[in-house]
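> Sequence first, predicted coordinates after that:
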Amino acid sequence: MVNALQELIKRRLEQRGWSYGEVARRGGVPRSTVHHLATTARVARMPQQSTLEGLSRGLELPLEAVRRAAAEACGIHLYVEDGTGTTP
């Protein structure tokens, strides 16, 4: 079963024609980290903030999109302000 973070990474790689190495280089994170997050069905814990930021840069996606996908992959529910003063 593919989790939200795997799907996000896979979809972006296909859209851009990038490799794990290209995302890693762009984001300043190890290739092994990108590969692990892209291929692990059940992420045991939330990746560190610096990893999420690097993945966001590498994938050229908003940090919040990467954070939400990572949280879902870990089974964590995030509640964030959506700009209207309510939480989704």
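Ah, there it is. Model, not experiment: these values are computed from the prediction.
> Just the element for the residue most central in space within the chain, please.
Among the residues of the chain, the one closest to the centroid is residue 66, at 3.7 Å (CA atoms, centre = their mean). Residue 66 is located in helix 63-74, with elements delineated by DSSP states H and E.
> now residue 14
Assigning secondary structure by DSSP H and E places residue 14 in helix 4-16.
> what sits against the residue nearest to the centre of the chain?
When contacts are counted by CB atoms under 8 Å, 6 or more residues apart in numbering, residue 66 touches 5, 8, 52, 55, 56, 59. From N, CA and C alone the C-beta is placed, and that goes for glycine too.
> Top of those by number of neighbours, please.
Compared across the contacts of residue 66, residue 55 has the highest neighbour count, 30 neighbours, by other CB atoms under 10 Å.
> Would you confirm that that one contacts residue 30?
No - the pair residue 55 / residue 30 is not scored as a contact, 11.1 Å apart, by CB atoms under 8 Å.
> hmm, back to that, averaged pLDDT, the helix holding residue 14. What do you get?
The average pLDDT for helix 4-16 rounds to 97.
> got the contact list for that helix?
Residues from elsewhere that reach helix 4-16, judged by CB under 8 Å, 6+ apart: 2, 18-20, 23, 34, 37-41, 43, 55, 59-61, 65-66, 68-70, 72-73.
> and residue 50, how far is that from residue 31?
Distance of residue 50 to residue 31, computed by CB to CB, to the nearest Å: 16 Å.
> no wait, residue 11
19 Å.
> what does residue 1 give?
24 Å.
> if you count what's nearby, which of these two comes out ahead?
Between residue 1 and residue 31, counted using other CB under 10 Å, residue 31 has the larger neighbour count: 14 against 5.
> for that one, what are its contacts?
Applying CB under 8 Å, 6+ apart, we find residue 31 in contact with 20, 21, 24.
> Show the buried residues in the residues you listed.
20, 24 (16 or more other CB atoms under 10 Å).
> what comes up buried for stretch 9-18?
9, 12, 13, 18.
> ok, those residues vs residue 77, which is closest?
residue 9 (20.7 Å; CB to CB).
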